[in-house]
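1. Predicted coordinates and the sequence they were generated for:
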Amino acid sequence: MNTSMIHRDAWVEIHLDCIEENIRQIRGHLPPATHFMAAVKANAYGHGDTQIAKLALKSGADSLAVALLSEAIVLRNQGIKGPILVLTPILPSNVDLAIDHDLTLTVFQESWLKEMRQYKKSTTPLKIHLKMDTGLGRIGIREKSEWLEIVSLLSHRDVIVEGVYTHFATANSSDPTYYHKQYARFQEMMEWVKEAGISVDYYHCANSASSLCFPENALDVVRIGVAMFGIYPSQHVKENIPFSLQPALSLHSKIAHIKKLQAGDFVGYDNAYQAKGEEWIATIPIGYADGWFRCFQGMDVLIDGKKMPIISKICMDQIMVRLPSKYPLGTKVTLIGRQGEEEITLYDLAEHIGSVPQEIPSMITYRVPKIYYYRGEVVEIVSEGNGNTKQSYALR
C-alpha cells in the first residue's frame, strides 16, 4: 500500500470480497426469481456509496435503494446505471430533477401528487413505488380511506406505479407475532391495489431480517442493507440462519504519543481522569470529529492483541488509552475489528451506547480515509480532505 495516499494515522479498512460473499449467500437463501435491491443509503452505512453500489450490481443486485434524492444523484454522477429507488419523499418541486436522473420515487400522499403536478414539466412519466404503513408508524398509506383518496390520481399517464411496498418493525425479533400481523396487513393492502385495477411489477416488504428469517415472504423484491455488510439484524437472526455473514469493515489507528503518569496526575478536559499510581498513557489520533464520539468513553481498544480502556473525555481529534506497559510509537490500535484472539465488534459498541450496530459505521466521518481490499489486495483508497473534496485512488 502506498501510504503517501493517506495523510493521517487513522483509517477504515473495507473488504469488498466479504460484501460480495454476503450477497451471494443471501441470494442463495431466497427464491430464485426474487429481485435483490441493495440499500446503499447513508453512504452505504458508512462503507462508501459508489464503491458498494458498483460492487452490489456487479455481484448480482438488480437495483439500488437510497434515502435521499441527493444520494441518488451522487450515484448517477458517478456513472451508476442501475435502477434506484429513493425511499423517502422528495420535494415536489424536484420532480423533473428526479426524472432527468431516471430515478424512482416513494409516494404515499395525495397532496404530494397534486403539488408535484404543478411543477412537472417533463413529458416523461414519473416512476413511483407506493409506500404502505402496515404498523411501523413512520410513513405510508395507513387506512383504506387514504388509499381511496390517492388511487384516482394514479391512473394519469404522467405516473407509472412500478411497485408497492412496506417496512417491518420487528422482523428481527424472536417473537414473530407482530411481524405476521404486518405481513397479513400488507396482503390486504395488495388486494386494494389489485381491486383498483392497478398493475404493478413489484410488491416488496422484506428487509434484511425478514429476508433471512422468512425467505418464503420475499415476494418480488427484497431490500438488503445491514446484512450485505455482514451485520446481523439481531442475535436471534444470527442464530436462526444456515450460514454466516462476514463483517466487512474495521477501524484502526496508531499510537501517536506515550507518557508515564504518577499518582495524582490528571488527563483530559475537566481533569476527567486521575492516575491512581504509575500509569502509561497513549494518545491516539482519532476523536469525535471522526465519529468516535464521547458516548464511546469507557470502551476498549485493541493494542498488541489485548483490550485496553479509553480514559478521560474523548476529544475532537484524539483519545487517550491506559496501557499496561510502555509501547512503541506507531503501534497499531484497532477500534473496530480483530487483533489475535480478541475482537471489538459493532455489537459491542452498539451495546455500549444503547443503539444498533449499523449506527456505528454510519457515524464515521469523511475525515477518516477508507482503504478498500479485494481478495487481500488494496484496490482503492478514498481520502477526503473536507466534506466537499474527495480523492480516490483506484489501484486496479
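-> Cool, the structure landed. Numbers count the residues shown, from 1 in each chain.
2. Count the residues that sit near residue 13.
-> 18 (other CB atoms under 10 Å). Backbone N, C-alpha and C define where each C-beta goes, glycine included.
3. Roughly how far does it sit from residue 251?
-> 8 Å (CB to CB, to the nearest Å).
4. Who are the contact partners of residue 16?
-> Contacts for residue 16 were tallied using CB atoms under 8 Å, 6 or more residues apart in numbering; they are 51, 55, 248, 372-374, 379.
5. Now for these: which two are most distant?
-> Farthest pair in those (CB to CB) is 248 and 379. Separation: 13.4 Å.
6. Could you list the residues in contact with the helix or strand containing residue 56?
-> Using DSSP states H and E, residue 56 sits in helix 49-58. Helix 49-58 has contacts (CB under 8 Å, 6+ apart) with 14, 16, 19-20, 23, 38, 40, 43-44, 64, 66, 71, 74-75, 78, 80, 82, 228, 370, 372, 380, 382.
7. Buried among those? Make that a ChimeraX selection.
-> The ChimeraX command for the buried members of the contacts of helix 49-58 (criterion: 16 or more other CB atoms under 10 Å) is given here:
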select :14,16,19,20,23,38,40,43,44,64,66,71,74,75,80,82,228,370,372,380,382
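8. Among the contacts of helix 49-58, which are located in helices?
-> 16, 19-20, 23, 43-44, 71, 74-75 (DSSP state H).
9. Looking at the chain, which helix is longest?
-> Taking DSSP H as the criterion, the chain has its longest helix at helix 177-195.
10. Who does the helix or strand following that helix pair with, and is each partner parallel or antiparallel?
-> Proceeding N to C from helix 177-195, the next assigned helix or strand is strand 202-206, under DSSP H and E. For strand 202-206, the pairing partners within the sheet under DSSP bridges are strand 159-165 (parallel), strand 221-224 (parallel).
11. what's the offset of the longest one from the middle of its chain?
-> Centroid separation between strand 159-165 and its chain, computed with CA atoms, centre = their mean, to the nearest Å, is 24 Å.
12. Name the residues of that strand that are buried.
-> 159, 161-165.
13. okay if I get the strands paired with strand 202-206 as CSV plus distance to residue 6 and mean pLDDT?
-> Compiled in CSV, the strands paired with strand 202-206 are given as follows (distance: least, CB to CB, whole Å; pLDDT from 0 to 100):
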stretch, distance to residue 6, mean pLDDT
strand 159-165, 40, 98
strand 221-224, 30, 98
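14. Let me have these in CSV, adding distance to residue 287 as columns.
-> CSV is the format used below for the strands paired with strand 202-206 (distance: least, CB to CB, whole Å):
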stretch, distance to residue 287
strand 159-165, 40
strand 221-224, 33
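15. for those, which one sits closest to residue 301?
-> Of all the strands paired with strand 202-206, strand 221-224 comes closest under CB to CB, at 30.7 Å.
16. which strands and helices sit next to the next helix or strand after the closest one?
-> For strand 221-224, the following helix or strand on the C-terminal side (DSSP H and E) is helix 235-239. Packing contacts for helix 235-239, counted by 3 or more CB pairs under 8 Å, 6 or more residues apart in numbering; DSSP states H and E, involve helix 208-213.
17. packing partners for the helix it packs on?
-> Against helix 208-213 (3+ CB pairs under 8 Å, 6+ apart) you get helix 16-29, strand 221-224, helix 235-239.
18. outside of the shortest one, which residues touch it?
-> This means strand 221-224. Residues contacting strand 221-224 (CB under 8 Å, 6+ apart): 23, 26, 30, 34-39, 61-63, 65, 163, 165, 202-204, 206-208, 210-211.
19. at 6 Å instead, please
-> 26, 34-35, 37-39, 65, 202, 204, 206-208, 211 (CB atoms under 6 Å, 6 or more residues apart in numbering).
20. Centre of the chain to it, how far?
-> 14 Å.
21. cool, the first one as well?
-> In terms of CA atoms, centre = their mean, the gap separating the centre of helix 16-29 from the centre of its chain is 16 Å.
22. got the angle between it and helix 49-58?
-> For helix 16-29 against helix 49-58, the angle by axes from the mean of the first three to the mean of the last three CA atoms, to 10 degrees is 40 degrees.
23. And helix 16-29, what's buried?
-> 16-23, 25-27, 29.
24. pLDDT averaged over it - what is it?
-> For helix 16-29, the mean per-residue pLDDT is 98.
25. start the count at 27, not 1, going forward
-> In the new numbering, first residue 27, that becomes helix 42-55.
26. Alpha carbons of that helix, as CSV, please.
-> Presented in CSV, the C-alpha positions along helix 42-55 are these (Å, rounded to 0.1, in the frame of the first residue of the first chain):
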residue,chain,number,x,y,z
LEU,A,42,-15.2,-5.9,-0.7
ASP,A,43,-15.0,-9.7,-1.1
CYS,A,44,-16.8,-10.1,2.2
ILE,A,45,-19.7,-8.0,0.9
GLU,A,46,-19.6,-9.9,-2.4
GLU,A,47,-19.8,-13.2,-0.4
ASN,A,48,-22.6,-11.9,1.8
ILE,A,49,-24.6,-11.0,-1.3
ARG,A,50,-24.0,-14.5,-2.8
GLN,A,51,-25.1,-16.2,0.4
ILE,A,52,-28.3,-14.1,0.8
ARG,A,53,-29.2,-14.5,-2.8
GLY,A,54,-28.9,-18.3,-2.5
HIS,A,55,-31.2,-18.2,0.5
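27. Which of the helices and strands in the chain ranks last by mean pLDDT?
-> Sorting the helices and strands of the chain by mean pLDDT, DSSP states H and E puts strand 416-420 at the bottom, at a mean of 57.
28. Spit out the residues that contact residue 39 and residue 277 alike.
-> Common neighbours of residue 39 and residue 277 (CB under 6 Å, 6+ apart) do not exist.
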